[in-house]
Structure formats: C-alpha cells, structure tokens
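*Asks:* Mind folding the following:
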Amino acid sequence: ATLLLRHMARPTHLPDDTIADDFVTTRDHQASWKVAREYTTAGISGAHFGMYKAQASDPDLAQFDAAARSIPYRSGMAYKRWLKGIDAMLLKSSGNIRSDKLRTILLMEADFNMNNKKLSREGMWIAEKHKCVAPEQAGGRHDHTAHETALNSRLIYDNSRFRRKAMAVCSNDAKGCFDRIVHSIAYICMRRFGIPPHALKSMFTVIQKMTHHIRTAFGDSTRTYGPSPPGDTPYMGALQGNGAAGTVWTAVSTVIINAMKSLGFGYSARTAITNQMLHLLCFAFVDDTDLLHSVPSNYSKAADVQIEIQTVRDHWDGLLRTTGGALEKSKSYWYLLDYERRQGKWCFKPLAATPGDIHLFNDSTNQREPIERLHVTKARKALGIFSRPDGKMKEEKEYLRSKAETWAAAVRSRRLRKHDAWYCLSDV
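*Replies:* The predicted structure is shown next:
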C-alpha cells in the first residue's frame, strides 16, 4: 500500500493549475448529445436518449439541460432519480448462459452517464497531452487498438529470439476489474488526471447509494438490492456501462504499472535505429495483461528469470488487491523462454530442461496454487489473436480459415439478409 500511495502523487511535470472545467457549457451539452445514439437504453425513470437529443436541438432547452447537469457536476450532489439503476446481463460467449459467465451492464440515467463521459473525456485529454498515462496501457485510449498491442507483444518475442535472451511472460486477467475498484483509490488516481473533485464525488456518490433492479425476460424486477446499510462498507466499483469506467481503470492501472517499474521489473531492449533504451513492464489492454521480465545480463539463465517472475507476479497481485481487484486463475498462464545450441542451430529449450512453476494465491482455498505453464509452441487466444512465442501463426490461420468456412457454408445454404447485403455493398 505504501508503494502504491507513493505513486499516486500528482505527476511533477503536470502544471499545478491543470484541471478540467467543473461546469457543462451549452455548446458542450449540444455537441455531446448530437453524436449520441438515440436508441441507447437509459435508466428506469423514462428520461431517454431521444428526449435529450431532441431538447439539445432547441437553444433554450439545451441551456436549461446544461445548467441541470452543471449543478451536480460542480457541487458533488446527486439527483434522487439518479440513485436507481437496472442491471442487464448479456452473454459473453454465444450459448453460455451460466450466471457467472454473463456480463452485467448497469443501465443508468442518461444525463448522469453523460456527465461521467464528460469527466472521462476531459481527464483523458489532459492525461494524454501531458503524457501521464503509462505507455504499456493501451485500453481506453485513442489511436490504440488490441491488434497493435498483440503486434507489440509479438515483436518482443522476436527481440528475445534474436538476442537469445531468456525471458518470462505471464498472462493474466483481472477478475471483474470495473466492479471491484476501491473508490478512495480511484478518486486519487483520477485526480492525477486533472479531473475536478466535485464531479468525481457526484459519480461515486451515485454508485454507492444506488438501488439496483434486475432486468429479466419477464420484465424489470420489483425487488431490489442496495445500497449498503448505514455503517457498512458501501458498494464499490466503477461498474460496466459507466461512461467513465474505462478512464477509471486506465488511471488506476497506470499507478500500478509505474509502481512496478520503479522496482526494476520488466524487459529492456535497445532500439536498432535510434539507439534508445526501452523498458516495458507489460502489454495491457484494459484488464488483459502480459507481464514481461528478464534479467539485465544477456547471459542470464532461465532459473534466474523464473525466480524473479514469481516476485513480479506477487507484486502485481498485491498491488491489484490493494485497489480492490484480484486475478482470475483460470485465465492465467505463463511462458519461460530460454535458448540452447543444438546440432548447429539455436533452439528453444524444452520444458524438461527448464522445470519450475509460479504460483498464485487462491482465495477459495487460501492456498498458493501453480498456474498453467505452456511451451513456446502452444498458442493461446489473446486480444482476439492466437499467438505464441516461437513466432508461428499456425493456430491463427486455422482459426481464420474455420471462420471463413463457416461463413461460406452459411451463405451457400441460407438466403442473404437485406442488411447484410447492404453492409457488404457499402463496405466495398
């Protein structure tokens, strides 16, 4: 916790007077609703997106609505109707209806979420302008994509092979990262991005005091849950569906990454053209993270790297738990890359030549358990792409071919829908 608090300090290169506006202008209000989609589902009050879009087109109504949004944004209060939300559960994967495999989206009041989007947008603009976001975190940022993150990961694998440098890669996924963030930590991390305090207070007050209904196939439930009884710990998290949730996680993960890098963890390489030294702790896209580690010497052994990657993993887990998060063991795995000369050629060492495990604490058993270790020839799907450290793309080609064959079979045996035909025509 001490390490985390130390890196929550305001960046020294960020000017003291850098802070986003703490009010909503009529022009900003109209611009925001102009690009909003009319059919987006809103909260339980009945004040829907279509109403706000229509009112934003009228100067007087737009000025009134902007002033109504500015009151909580500038004072930190919350309207009573904001304190009710609807939990809608969506499929993460087709056909899997297990409750623990569904994604819960909170449907909140449209104007409340528009305030959250405003603080998110302006906070990220300040953070990007002053380079306050960790370069390793690509999620929730403009001009950053999952495919670029996967490509960068592949390039690090290539660099390790070219240099014959032993390294370890530990892939992990945070368990419900948006739903577990501690508000006090999120507040400080967001303040680092220059977001006004009262806007954050309004957002977190609503989350803590909200009464939740459940949306089902039979309609919205009359029974509710929340808020916590007086004296109990209030509900935490940024909640999926919140327009600021991505920025909250970016702010928190940036502090965690900076704290880890201060301890010397990560992978270092020198660029070929500019001769600059790069030091990367991980490749992260929202909560999907590949931790990287190697020792400084090019003559390091796999055993040395293995010992240190366990320390890296323990620190990452500890810092994540401090913010309220936890790691999902079932989605965790790791690689250990080391090389040897065999019959005149450089090859990866087999698993038998580099034995060992790294462990993760399991909350359900209160014990440390080993996580799955993969050989460099085994691929796992990450960020939508099957990749593996040896650089081969066999599994990805097979996956793409199977998708193409499934689509071709569907086209041959079924009538093409009108909107599919129009999409294909307009896309060309």
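*Asks:* use CA for all of it now, contacts and neighbours both
*Replies:* Fine.
*Asks:* how near is I71 to G46?
*Replies:* 21 Å (C-alpha to C-alpha, to the nearest Å).
*Asks:* So those two - more neighbours on which side?
*Replies:* Neighbour totals were compared for I71 and G46, and I71 leads with 18 against 11 (other C-alpha atoms under 10 Å).
*Asks:* which helices and strands sit right next to the one helix or strand that one maps to?
*Replies:* Using DSSP states H and E, I71 sits in helix 59-75. In terms of contacts (3 or more C-alpha pairs under 8 Å, 6 or more residues apart in numbering; DSSP states H and E), helix 59-75 is packed against helix 26-35, helix 49-56, helix 110-129, helix 197-209.
*Asks:* And the contacts of the last one?
*Replies:* With contacts defined as C-alpha atoms under 8 Å, 6 or more residues apart in numbering, helix 197-209 is touched by 22, 72-78, 82-83, 112, 115-116, 119, 183, 187, 191, 226-228, 234-238.
*Asks:* Quick one: mean pLDDT for that helix?
*Replies:* Helix 197-209 shows a mean pLDDT of 96 in the predicted model.
*Asks:* where does that helix sit relative to the chain's centre, distance-wise?
*Replies:* With C-alpha atoms, centre = their mean, to the nearest Å as the basis, helix 197-209 stands 21 Å off its chain's centre.
*Asks:* Over to stretch 26-43?
*Replies:* Centre-to-centre, stretch 26-43 and its host chain are 24 Å apart (C-alpha atoms, centre = their mean).
*Asks:* hmm, who's touching that stretch?
*Replies:* With C-alpha under 8 Å, 6+ apart as the criterion, stretch 26-43 contacts 48-50, 52-53, 56-57, 62-63, 65-67, 84-86, 107-110, 114.
*Asks:* Please pick the buried ones from those residues.
*Replies:* Buried subset of the contacts of stretch 26-43 (neighbour count, 16 or more other C-alpha atoms under 10 Å): 48-50, 52-53, 56, 62-63, 65-67, 84-86, 107-110, 114.
*Asks:* wait, what's in contact with the residue lying closest to S120 once chain neighbours are set aside?
*Replies:* Nearest non-adjacent residue to S120, counting by C-alpha to C-alpha, 6 or more residues apart in numbering: A244, 4.9 Å away. When contacts are counted by C-alpha under 8 Å, 6+ apart, A244 touches N116, K117, L119, S120, A238.
*Asks:* these two touch, right, the last one and I181?
*Replies:* Yes - in this structure, A238 sits in contact with I181. The criterion is C-alpha atoms under 8 Å, and the distance is 6.5 Å.
*Asks:* can you give me the angle the helix holding I71 makes with helix 26-35?
*Replies:* 110 degrees (axes from the mean of the first three to the mean of the last three C-alpha atoms, to 10 degrees).
*Asks:* Following the chain past helix 59-75, name the next helix or strand.
*Replies:* Note on helix 59-75: by DSSP H and E, the next helix or strand toward the C-terminus is strand 84-91.
*Asks:* how about whichever helix or strand comes after that following strand: buried residues?
*Replies:* Next along the chain after strand 84-91, taking DSSP H and E as the criterion, comes strand 102-107. Going by neighbour count (16+ other C-alpha under 10 Å), the buried part of strand 102-107 is R103, T104, L106, L107.
*Asks:* hey, what's the first one bridged with?
*Replies:* The bridge-partner assignment for R103, based on DSSP bridges, gives L90.
*Asks:* Quick one: residues contacting it.
*Replies:* M89, L90, L91, K92.
*Asks:* now those residues in TSV, with pLDDT, neighbour count and distance to R417?
*Replies:* Listed next are those as TSV, based on pLDDT from 0 to 100; neighbours: other C-alpha atoms under 10 Å; distance: C-alpha to C-alpha, whole Å:
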residue	pLDDT	neighbour count	distance to R417
M89	92	17	28
L90	91	14	24
L91	88	14	23
K92	83	13	25
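*Asks:* ok, so of the residues you listed, who is nearest R270?
*Replies:* Taking C-alpha to C-alpha as the measure, R270 lies nearest K92 of the contacts of R103, at 39.8 Å.
*Asks:* Would you mind measuring from the closest one to L200?
*Replies:* 29 Å.
*Asks:* likewise A54?
*Replies:* 28 Å.
*Asks:* Same drill for those two, tell me which one is more crowded.
*Replies:* Neighbour comparison, A54 and L200: the larger count goes to L200, with 24 against 15 (by other C-alpha under 10 Å).
*Asks:* before we move on, back to that, Serialize the contacts of R103 to JSON lines and add fields for distance to G325.
*Replies:* Formatted as JSON lines, the contacts of R103 follow (distance: C-alpha to C-alpha, whole Å):
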{"residue": "M89", "distance to G325": "21"}
{"residue": "L90", "distance to G325": "22"}
{"residue": "L91", "distance to G325": "22"}
{"residue": "K92", "distance to G325": "20"}
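*Asks:* from the residues you listed, which single one is nearest I214?
*Replies:* Nearest to I214 among the contacts of R103: M89, at 8.5 Å, using C-alpha to C-alpha.
*Asks:* tally of neighbours for T406?
*Replies:* 11.
*Asks:* what helix or strand does it sit in?
*Replies:* T406 belongs to helix 394-413, assigned by DSSP H and E.
*Asks:* Now K92: phi and psi?
*Replies:* Phi and psi for K92, reported as degrees, to the nearest 10, are phi -80, psi -40.
*Asks:* Excluding covalently adjacent residues, which one is nearest to it?
*Replies:* Leaving aside its chain neighbours, K92 sits nearest to L102 (5.6 Å; criterion: C-alpha to C-alpha, 6+ apart).
*Asks:* Next one: that neighbour from G43, what distance?
*Replies:* Counting by C-alpha to C-alpha, the gap from L102 to G43 is 20 Å.
*Asks:* any chance of the buried residues of strand 102-107 in a markdown table, with pLDDT and distance to A410 too?
*Replies:* A markdown table is the format used below for the buried residues of strand 102-107 (pLDDT from 0 to 100; distance: C-alpha to C-alpha, whole Å):
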| residue | pLDDT | distance to A410 |
| --- | --- | --- |
| R103 | 89 | 28 |
| T104 | 91 | 31 |
| L106 | 94 | 35 |
| L107 | 96 | 35 |
